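> Show me the folded form of this:
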Amino acid sequence: MADRGRGAGRGNIRGAFRGSGKAHGGPAQPTLDKPRREAILDLSKYVNEKIRVKFTGGREVLGILKGYDQLLNLVLDEVEEELIEPEPHKRTLGLVVLRGPTITLLSPVDGSEEIENPFSSAE
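The predicted model follows:
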C-alpha cells in the first residue's frame, strides 16, 4: 500500500502483464484482419490546389492543401482567414494545421464561382 501510485501501471514491466495469465514472451493473440475502410473523400486530387474550408462556428479560410490524414486533419499553406465582422477583411495566417472534427465544408476554389441566390425575393 505504501507504494500506491509509484510506478504501478505506469510503464513498469510487472504492472503491464498483471492479470494476463501469460509469461513474458508468450505468443500474441491472433489479430483479426479487418477490411480496410476506404476514405469518404479522396483529397489526393486537391493536393497543391487552393481550397476553401469552413468550420463549425462560422470561420472560413482559403489555402493550398499540402497534406491530410484519415481523420481529415489538413495542412494548408498560404492561408488567409476571411473575417466578416465587424467589417469584411482578410487575415494572413501562413502554414496551418486544421483539425478534422471542426471542419464542416471543403471545396476547391478553382472551377467554382459564386452565384446569386435563386431563392431570394427580387425587389
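
> could you point out where this structure is predicted with low confidence?
Residues of the chain meeting the criterion pLDDT under 70: 1-32, 36-40, 112, 122-123.

> go with 90
The model of the chain has pLDDT under 90 over residues 1-45, 57-58, 70-71, 82-89, 109-123.

> Would you mind measuring from the nearest residue to Gly100 once chain neighbours are set aside to Glu87?
In space, and not counting its chain neighbours, Gly100 is closest to Leu72: 3.2 Å by Cβ to Cβ, 6 or more residues apart in numbering. The way it works is simple: take the backbone N, C-alpha and C, and place the C-beta from them, glycine included. Leu72 is 31 Å from Glu87, where distance means Cβ to Cβ, to the nearest Å.

> neighbour-wise, which of these two wins?
Between Leu72 and Glu87, counting by other Cβ atoms under 10 Å, Leu72 is the more crowded of the two (17 against 6).

> Okay, strands next: where are they in this structure?
Assigned by DSSP state E, the chain shows strands spanning 50-55, 60-68, 74-83, 89-98, 103-108.
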